[in-house]
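Peer 1: need coordinates for the following:
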Amino acid sequence: MKLLAIDIHTHVEFADAATILKKKYTEEEMFSRFVVPTMGARSAQINRGLMPGLREPLRDPQRKIRDMEEKKLAFSVLSSTPYAFYYEIEDDLAVELAQFQNDQLAAMVKKYPDSFAAMATLPLQVPQAALKELERAIHKLGLRGIEIGSHVGKRELGDPVFWPIYAILEKEGLPMFIHPHHVAGMDRLENFYFNNLIGNPLDTTIAAAHLIFSGVLEKYPNLKVVLAHGGGQLPYIFGRIEHGYRVRPEPKEKVHQPPRAFLKNFYADTITHNPDALRYLLAFAGSDHVLLGSD
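Peer 2: Residues are numbered from 1 along each chain as shown. Now for the predicted structure:
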């Protein structure tokens, strides 16, 4: 059997999204509202200088295909950059942007079906609109799951308002890919790029724990959840989580099975940046639950 290298963590962006945003925001307002809060002022300014060199790989599908060939990747599952979640903007604009991005993702897949599939993004701050867009993305556009932030504003992923989304994903057998954004503790993580180095895996871990202890995975036992960046910290602190469930009453308030019962729901990408960590991840999760990611 021939093995194919499939990249499940690779981002794209669409230049015309800025045109939609400019209906309400200037360039400087977009930068100060959507970029600076996610990483701090200094890292945001550094990124501002770096981004022109990253535009082509993010925006040009033929460049992405060339990069795939160079890295011997047979296929990529595309998702928008996390900046394109736009959970913090006005409802009508969020819905329009999600529809636009999903249309663009579907068009890219249609043009290059031998190279790409894609995951939808949803305007999750507008739950009913998100449900409608999910149905459209699956049944009209042919997208193969969703990319979701590690929280949506002040709502954690265990919030019951999102459960109808999970019900549809479980029914359709489609995954949700959790990518961190607007990470916890930014008041302590603004320096040294800590928002990314520490904040990203931390926020993914918080999201996964909410799915476990809120009862989501007990309610939807076949829901497939892909965790970015090697599963965050979840694989490496799981013993502590299990211990807490055994000895404390709080973790049992909404769930009736131990955390290990829900490991089958989780998948992780390979982005650990360390061979020893990757070996541990493979031993912890099993090779069938670890997916190639390039980010």
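Peer 1: what lies in contact with the helix or strand of the chain with the lowest mean pLDDT?
Peer 2: When each helix and strand of the chain is scored by mean pLDDT, DSSP states H and E, helix 41-59 comes last, with a mean of 85. The contact list for helix 41-59, computed with CB atoms under 8 Å, 6 or more residues apart in numbering, reads 11-15, 31, 35-36, 38-39, 63-64, 67, 81, 190-191, 193, 195-196. (Glycine included, C-beta is placed from N, CA and C.)
Peer 1: show the buried residues in the residues you listed.
Peer 2: 11-14, 35-36, 38-39, 64, 67, 81, 190, 193, 195-196 (16 or more other CB atoms under 10 Å).
Peer 1: can you give me the buried ones in stretch 146-163?
Peer 2: Quick answer for stretch 146-163 (16+ other CB under 10 Å): 146-152, 155-159, 162.
Peer 1: chain center to the helix of greatest length in the chain: distance?
Peer 2: When every helix of the chain is counted residue by residue (DSSP state H), the longest turns out to be helix 91-111. Computed by CA atoms, centre = their mean, to the nearest Å, the chain-centroid distance of helix 91-111 equals 16 Å.
Peer 1: tell me which other helices or strands the next helix or strand after it touches.
Peer 2: Counting by DSSP states H and E, the next helix or strand C-terminal to helix 91-111 is strand 116-118. Using 3 or more CB pairs under 8 Å, 6 or more residues apart in numbering; DSSP states H and E, the elements in contact with strand 116-118 are strand 75-80, helix 91-111.
Peer 1: give me the contacts around strand 116-118.
Peer 2: For strand 116-118, contacts defined as CB under 8 Å, 6+ apart pick out P61, F75, S76, V77, L78, S79, L105, A106, M108, V109, L143, R144.
Peer 1: wait, isn't the first one in contact with M108?
Peer 2: Read it as P61. Yes. Counting by CB atoms under 8 Å, P61 touches M108, with 5.5 Å between them.
Peer 1: would you mind listing the buried residues in the least confident helix or strand of the chain?
Peer 2: Quick answer for helix 41-59 (16+ other CB under 10 Å): S43, A44, N47, L58.
Peer 1: what's the answer for stretch 256-263, then?
Peer 2: Across stretch 256-263, burial judged by 16+ other CB under 10 Å covers P259, F262, L263.
Peer 1: only C-alpha atoms, please: export it in CSV.
Peer 2: Extracted in CSV, the C-alpha atoms of stretch 256-263 (Å, rounded to 0.1, in the frame of the first residue of the first chain):
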residue,chain,number,x,y,z
HIS,A,256,-19.6,10.8,34.4
GLN,A,257,-16.6,9.1,32.9
PRO,A,258,-12.9,9.7,33.5
PRO,A,259,-10.9,11.8,31.1
ARG,A,260,-9.2,8.8,29.5
ALA,A,261,-12.6,7.7,28.1
PHE,A,262,-12.5,10.7,25.8
LEU,A,263,-8.9,10.4,24.4
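Peer 1: in the stretch 151-295 of the chain, which spans are strands?
Peer 2: 175-179, 224-227, 266-269, 290-291 (DSSP state E, counting those that start in this stretch).
Peer 1: do you know how far Y86 is from A94?
Peer 2: 5 Å (CB to CB, to the nearest Å).
Peer 1: could you tell me which residues touch both of P61 and M108?
Peer 2: Common neighbours of P61 and M108, using CB under 8 Å, 6+ apart, are V12, F116.
Peer 1: and for Y86 and A94, which residues touch both?
Peer 2: Among the neighbours of Y86, those also in contact with A94 (CB under 8 Å, 6+ apart) are P123.
Peer 1: mind listing what's buried along the next helix or strand after the least confident helix or strand of the chain?
Peer 2: Next helix or strand after helix 41-59 toward the C-terminus (DSSP H and E): helix 61-70. Neighbour counts over helix 61-70 (16+ other CB under 10 Å) mark P61, K64, I65, D67, M68 as buried.
Peer 1: any idea how far helix 61-70 is from the middle of the chain?
Peer 2: 22 Å.
Peer 1: contacting residues around that helix?
Peer 2: Defining contact as CB under 8 Å, 6+ apart, one finds that helix 61-70 is touched by 7, 10, 12, 56-57, 74-76, 108, 111-112, 115-116.
Peer 1: thank you kindly, that will do.
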